[in-house]
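Student: Next one to model:
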Amino acid sequence: MNGRDSVHGAELAHSLRQLAEARRRLEEVRAAYAIVENSRFALLRRAFRSLKGVAGLTRVQPLIVTGGAFRAPASNTSVSPDAELPNRLREAERDRAMLLEAMLVQRAKYLLGGDYETWLSFNGVRSSDISRMSEMSQTLPRRVVISVIMTTFETPERFLREAIESVRSQAYPYWELCIADDASTQAQVRKVLEEYSALDHRIKVVYRNENGHIARASNSALELATGEFVGFLDHDDTLSPDALFEMALAINRFPDVDMLYSDEDKIDETGVYCDPHFKPDWSPDSFLSRMYTCHFSVYRRSLVEELGGLRAEFSGSQDYDLVLRLTERTGKIHHIPRVLYHWRKHSGSASGVSRAKPYSSRAAERAIAEALERRDEPGTVSERADTPGVYIVRYAIREPKRVSVIVPTRDHGEDVDRCLSSLFAKAGYDDLEVILLDNGSTEKSSLATFARWAKKEPRVNVVRYDVPFNFSRINNYAVTQSTGHYLLFLNNDTEAKSEGWIAAMVEQAQRPSIGAVGALLLYPDNTVQHAGVVIGLGGVAGHSHKHFSATSNGHANMLKAVNNYSAVTGACLMTRREVFERVGGLDEELTVAFNDIDLCLKIVEAGYRIVNLPHVQLYHFESKSRGHDVGTFKIARSLSEQAKMRERWGRIIAHDPSYSPHLTLDREDYSIRVEIV
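Tutor: Okay, here's the model as predicted:
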């Protein structure tokens, strides 16, 4: 089979898998509608929604199907001794009804998945929650004052009132609202501000004589602040009523915290909440690629003052610049995974139109460039032309040390030929060696291919290692045969797409804070195979954005940005030799699966970060060399390796800090996780 036939074969196999998956999902949907015929699904959904206001609800009460209608089981039912139906038949009927209920719930979860309205109905703040939070506020050991900073300029009256009322409606009472009007000319702005400052002593207002734009105006408001912490609210946005309570609660839990940030969503022009942004925990390299912390963020006031407040030359991205500087002073940063901020989405707002404020992009580029200088990590920064608000940093390579590319194979000479041809043609890096680890090849054509490469390319070293297949062992052995400062583990079924891809990986791998670097891997049909690994997905770990189009932005522009992950795939992974040796290399008890994930988690545990690069792209003809885990022995081995991972990394599997707890663990598409039971 020639290379082209191999590609076409892979494309056909992938298409058949997609077709089978589509058929499976179609059958599930058909089954769901059959089960919930006669409007039963509609009744079930209404039942779920009717329970959303019940405090402390942990599961939906079983619904018994009787005569085609739903009814709740009686709380105290008794069986007459003279009943004709034996108890065991009653129990069987009860079990049948509960089984049907479980099926209905599962089908409902499937059909409702990804629906933010449904998620809000189960996770949104309720009036009973607000009452409870108000009571708890009085018992907190530290009742810190949070100063909310807001600037106004020609703000529409309706939006201004809603913003102020969202602060006055907070469950947590220990706040002050510090407002600086930036020389508005419209009379209603001053009228509203005077009205509220007279109504509530916690509202302070300063009126600027000249327009200074958002950074200078924010600094004027900061001068009014007396709170231990300060948070920023745009004049046309709103806070969730639990926002300040959640911040105060976290400050009590983590007294030395210097920065806190929450999740957020948007309000469209009809008042509907939409476009939620469920964020990861603090991810410094993701932040260098986009301002993802954004709203609602709260900072220790003394630290903000030490930094000199907001810098006017970065207006439009003044908060981005502030956080870049602040996080160089402290690592005490806490993420609150709750939607506490509602960003107004209307014509002219930055949230409604990506190019509404082009000057902010220029300011962001300058802020990142200055951060690189302060951190002594020279490089260049540019905004992606296809994705406003996303920036790619290209670091200068300080010293181009050798990269050892480790390519294990058994036969598959055509795959190896394609892999090495693209590697050398597009590497963009000279000091390379390839350790072609031959794990028991027998095909004459493959052996001839290996010999041809060793003869024509002095940087290729064919190493024979005849042991039973153990991915960890053969890669560990290959490392002992290598001489490079950097180790690049590369599957034989990959083909480089990006020019200068190895140089781009070295840019990141040279940084002392980075432990491993991954790439964007694509199927031959230009859909995503891997864009980073999510721990916990599918039980242990799964690939980010699998099957998304290569041109898609992904969740929150992640497919266009550099991102921190807890792991990347060993199909294309670069690390420094010192890091690999420090963590003990690959675990040889994990012979096939999860050894790369385990390696990355050990690297993170040792204090390094993992990054995945969207501008380094390769095609991956997944698992062609070894096939898939089918058959009794392979399944048993897979289950054993999964058990090892759960035992070793259960804490990370329960919550991957690079992934939101509000996103699904059932699929690789970043859809919303809706927990009904």
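Student: What part of the chain, helix or strand, is modelled with the least confidence?
Tutor: Least confident helix or strand, the chain: strand 64-66 with a mean of 29, by mean pLDDT, DSSP states H and E.
Student: Tell me where the model's unsure across the stretch 201-350 of the chain.
Tutor: Along the stretch 201-350 of the chain, the parts satisfying pLDDT under 70 run over 346-350.
Student: And the helices in it?
Tutor: 213-222, 243-253, 284-289, 301-306, 318-326 (DSSP state H, counting those that start in this stretch).
Student: For the fourth one, name the packing helices and strands.
Tutor: If I follow you right, that is helix 301-306. Under the contact criterion of 3 or more Cβ pairs under 8 Å, 6 or more residues apart in numbering; DSSP states H and E, helix 301-306 touches helix 213-222, strand 229-232, helix 318-326. C-betas here are computed from N, CA, C, even on glycine.
Student: Burial-wise, tell me which of these comes out on top.
Tutor: strand 229-232 (a mean of 26; mean count of other Cβ atoms under 10 Å).
Student: now for that strand, which elements pack on it?
Tutor: If contacts are counted by 3+ Cβ pairs under 8 Å, 6+ apart, strand 229-232 sits against strand 146-152, helix 243-253, strand 297-300, helix 301-306.
Student: I'd like to know how many residues surround the closest residue to V145 other than its chain neighbours.
Tutor: Leaving aside its sequence neighbours, V145 sits nearest to G227 (Cβ to Cβ, 6 or more residues apart in numbering; 3.8 Å). If you count neighbours by other Cβ atoms under 10 Å, G227 ends up with 19.
Student: wait, G227 sits on V144?
Tutor: Yes: with contacts counted by Cβ atoms under 8 Å, G227 reaches V144, the gap being 7.1 Å.
Student: In contact with the residue nearest to V145, which residues?
Tutor: Going by Cβ atoms under 8 Å, 6 or more residues apart in numbering, G227 touches 144-147, 175-176, 301.
Student: Now do it against E328, distance only.
Tutor: 23 Å (Cβ to Cβ, to the nearest Å).
Student: just F229 next, same as before
Tutor: Distance from F229 to E328, by Cβ to Cβ: 19 Å.
Student: now swap in G231 and tell me
Tutor: Using Cβ to Cβ, G231 is found at 20 Å from E328.
Student: What helix or strand is A503 located in?
Tutor: Per DSSP states H and E: A503 is located in helix 501-509.
Student: ok, residues contacting that helix?
Tutor: By Cβ under 8 Å, 6+ apart, the surrounding residues in contact with helix 501-509 are 379, 394-397, 400, 403, 405, 423, 426-429, 432, 486, 488, 498, 514, 516-517, 519, 574-576, 611, 613, 615-618.
Student: how about 7 Å then?
Tutor: The contact list for helix 501-509 (Cβ atoms under 7 Å, 6 or more residues apart in numbering) reads 394-395, 397, 403, 426-429, 486, 488, 514, 517, 574-576, 611, 613, 615-616.
Student: Keep only those of the residues you listed that are in helices.
Tutor: Using DSSP state H, K426 are the members of these that sit in helices.
Student: Just the buried subset of the contacts of helix 501-509, please.
Tutor: 395, 397, 403, 426-427, 429, 486, 488, 514, 517, 574-576, 611, 613, 615-616 (16 or more other Cβ atoms under 10 Å).
Student: need the strands for the stretch 151-300 of the chain, in chain order.
Tutor: With strands called from DSSP state E, counting those that start in this stretch, the stretch 151-300 of the chain shows them at 175-181, 203-207, 229-232, 238-239, 259-267, 273-277, 297-300.
Student: possible to save those strands as TSV with distance to H334?
Tutor: As requested, the strands of the stretch 151-300 of the chain are exported to TSV (distance: least, Cβ to Cβ, whole Å):
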stretch	distance to H334
strand 175-181	19
strand 203-207	27
strand 229-232	12
strand 238-239	18
strand 259-267	5
strand 273-277	17
strand 297-300	10
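Student: For A550, which of those strands is the nearest?
Tutor: strand 273-277 (22.9 Å; Cβ to Cβ).
Student: buried stuff in that closest one?
Tutor: Buried residues in strand 273-277, counting neighbours by 16+ other Cβ under 10 Å, are found at 273, 276-277.
Student: Stretch 646-663 now?
Tutor: Buried residues in stretch 646-663 (16+ other Cβ under 10 Å): 648-649, 652-653, 656-660, 662-663.
Student: Just flag the most distant two among the residues you listed.
Tutor: Greatest spatial distance among the buried residues of stretch 646-663 (Cβ to Cβ): R648 and H662, at 25.8 Å.
Student: thinking again about what came up before, list just the one of the strands of the stretch 151-300 of the chain that sits closest to S317.
Tutor: strand 229-232 (13.0 Å).
Student: quick one: strands adjacent to the closest one?
Tutor: As defined by DSSP bridges, the strand partners of strand 229-232 come to strand 146-152 (parallel), strand 297-300 (antiparallel).
Student: Including distance to K191, could these go into TSV?
Tutor: Below are the strands paired with strand 229-232 laid out as TSV (distance: least, Cβ to Cβ, whole Å):
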stretch	distance to K191
strand 146-152	12
strand 297-300	30
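Student: could you dump the ones you listed to CSV with mean neighbour count and distance to V592?
Tutor: Shown next, in CSV, are the strands paired with strand 229-232 (neighbours: other Cβ atoms under 10 Å; distance: least, Cβ to Cβ, whole Å):
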stretch, mean neighbour count, distance to V592
strand 146-152, 26, 51
strand 297-300, 25, 43
